[in-house]
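A.B. asks: all I have is the shape, not the residue letters:
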């Protein structure tokens, strides 16, 4: 197998030939068909996630075919298509796992962070944490749904019954959430990097009622603001934009420091929430609505060997949608 390996913080990914791995008990070996690049991969590369184990093969938006199974695995069977998301393991014993909150597990494992991920031709995964996928799905189009879609979905669910939704940062996650909101009948206001007219046009094309810079006020108060950009300065801006009783939900795994802000912005029973990881139930519920909502991902495919180029394209912010590696 070929893997693109991050040997240390801040380094370039380097190709490495390895023997095809044999799945241990409870795990499966998957032939990777596609793996999207996520902002979390940038945090892994930049050393911003202390749990990361180096060297590591990044990538946690994986679509592939099961090739071999370890002892005790009855599902998925060889030949079936599955997805491999960020949450790769949960202990099943801690108080969070026992109360259907495995995303907060005290002893978790993360694909492409604490265990090797999908920037490779093959990947191992715990069978119980793979996601069944339809055999007819397009792997490249589906790959971004494994994190940008799932985290976006969990973030949106935390919005409750909000009718007006502000999306701060219009990248891979927001372009999927905007389509879900449109299907649900919600109104979307997209707030991009100041001056990014291309992203604003993209948002309007996906049904946003208004699009402008994050330094602007939306045309009316928001019921909820969903922040996908890792910029802590957006939290006070979003609090200012939501109405009394509104929520600001931070959807990223890492964010720069939130600056001090006056209590008046929080008063009025406004709330600031964070999203941590995802659960397998998130995956089940999200993939049920994907075909009904008519979600279309916007992607640009790169050969696996050009992983550094794909990462750079994602980092630049100029890419509309998601970069996807194809072995």
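C.D. replies: The structure has been received and is ready for your questions. The structure displayed is predicted, hence computed values, not measured ones.
A.B. asks: going forward, measure contacts between C-alpha atoms and count neighbours the same way
C.D. replies: OK.
A.B. asks: would you map the helices across this structure?
C.D. replies: Here the chain has its helices, by DSSP state H, at 39-45, 139-142, 148-157, 172-184, 197-205, 234-241, 263-266, 280-293, 307-316.
A.B. asks: pull out the buried positions in the fifth one.
C.D. replies: Along helix 197-205, the positions that meet the burial threshold by neighbour count (16 or more other Cα atoms under 10 Å) are 199, 200, 202, 203, 204.
A.B. asks: ditto for the longest one
C.D. replies: Of the residues in helix 280-293, those buried by neighbour count under the rule 16+ other Cα under 10 Å are 280, 282, 283, 286, 287, 290.
A.B. asks: got the angle for that helix vs helix 148-157?
C.D. replies: Going by axes from the mean of the first three to the mean of the last three Cα atoms, to 10 degrees, helix 280-293 is angled at 100 degrees with respect to helix 148-157.
A.B. asks: quick one: helix 280-293 to helix 172-184, angle?
C.D. replies: 60 degrees.
A.B. asks: please name every helix or strand in contact with helix 280-293.
C.D. replies: Applying 3 or more Cα pairs under 8 Å, 6 or more residues apart in numbering; DSSP states H and E, we find helix 280-293 packed against strand 131-132, helix 148-157, helix 172-184.
A.B. asks: now the ones you listed as JSON lines including mean pLDDT?
C.D. replies: Formatted as JSON lines, the helices and strands packed on helix 280-293 follow (pLDDT from 0 to 100):
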{"stretch": "strand 131-132", "mean pLDDT": "97"}
{"stretch": "helix 148-157", "mean pLDDT": "96"}
{"stretch": "helix 172-184", "mean pLDDT": "96"}
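A.B. asks: and of the ones you listed, who's closest to residue 66?
C.D. replies: strand 131-132 (10.6 Å; Cα to Cα).
A.B. asks: mind listing the strands that closest one pairs with, and their directions?
C.D. replies: Applying DSSP bridges to the sheet, strand 131-132 is found paired with strand 81-84 (antiparallel).
A.B. asks: please compute how far the strand it pairs with lies from its chain's middle.
C.D. replies: Between the centre of strand 81-84 and the centre of its chain there are 15 Å (Cα atoms, centre = their mean, to the nearest Å).
A.B. asks: and stretch 94-107, by the same measure?
C.D. replies: 20 Å.
A.B. asks: I'd like the distance from stretch 122-133 to the chain centre, please.
C.D. replies: How far stretch 122-133 lies from its chain's middle: 17 Å, per Cα atoms, centre = their mean.
A.B. asks: contacts for it, please.
C.D. replies: If you take Cα atoms under 8 Å, 6 or more residues apart in numbering as the criterion, stretch 122-133 is touched by 1-3, 20-21, 23, 26-32, 73, 75-76, 80-85, 87-89, 116-117, 280, 283-284.
A.B. asks: which ones among the residues you listed are found in strands?
C.D. replies: Judged by DSSP state E, the subset of these located in strands is 2-3, 27-32, 81-84, 87-89.
A.B. asks: show me the shaky parts of the stretch 151-300 of the chain.
C.D. replies: Applying pLDDT under 70 to the stretch 151-300 of the chain picks out no residues at all.
A.B. asks: closest one to residue 296 among the helices and strands packed on helix 280-293?
C.D. replies: Across the helices and strands packed on helix 280-293, closest to residue 296 is helix 172-184 (Cα to Cα), at 7.6 Å.
A.B. asks: which parts of the closest one are buried?
C.D. replies: For helix 172-184, a neighbour-count test (16+ other Cα under 10 Å) marks 172, 173, 174, 175, 176, 177, 178, 179, 180, 181, 182 as buried.
A.B. asks: dump the residues you listed into TSV; add distance to residue 256 as well.
C.D. replies: Converted to TSV, the buried residues of helix 172-184 look like this (distance: Cα to Cα, whole Å):
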residue	distance to residue 256
172	19
173	18
174	19
175	22
176	24
177	23
178	24
179	27
180	27
181	27
182	30
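A.B. asks: rewinding a little: report the two of the buried residues of helix 280-293 separated the most.
C.D. replies: Spanning the widest gap among the buried residues of helix 280-293 are 280 and 290, at 15.5 Å by Cα to Cα.
A.B. asks: hmm, back to that, show me which of the ones in strands among the contacts of stretch 122-133 is closest to residue 268.
C.D. replies: For the ones in strands among the contacts of stretch 122-133, the residue nearest residue 268 by Cα to Cα is residue 87; the value is 35.3 Å.
A.B. asks: pretty sure that closest one sits against residue 110.
C.D. replies: Yes - between residue 87 and residue 110 there is a contact under Cα atoms under 8 Å: 4.9 Å.
A.B. asks: more crowded one of the two?
C.D. replies: residue 87 (23 against 19; other Cα atoms under 10 Å).
A.B. asks: which ones are touching the more buried one?
C.D. replies: By Cα under 8 Å, 6+ apart, residue 87 lies in contact with 103, 108, 109, 110, 111, 129, 277, 278, 279.
A.B. asks: could you dump those into CSV and include distance to residue 10?
C.D. replies: Formatted as CSV, those follow (distance: Cα to Cα, whole Å):
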residue, distance to residue 10
103, 27
108, 24
109, 22
110, 19
111, 19
129, 29
277, 23
278, 26
279, 29
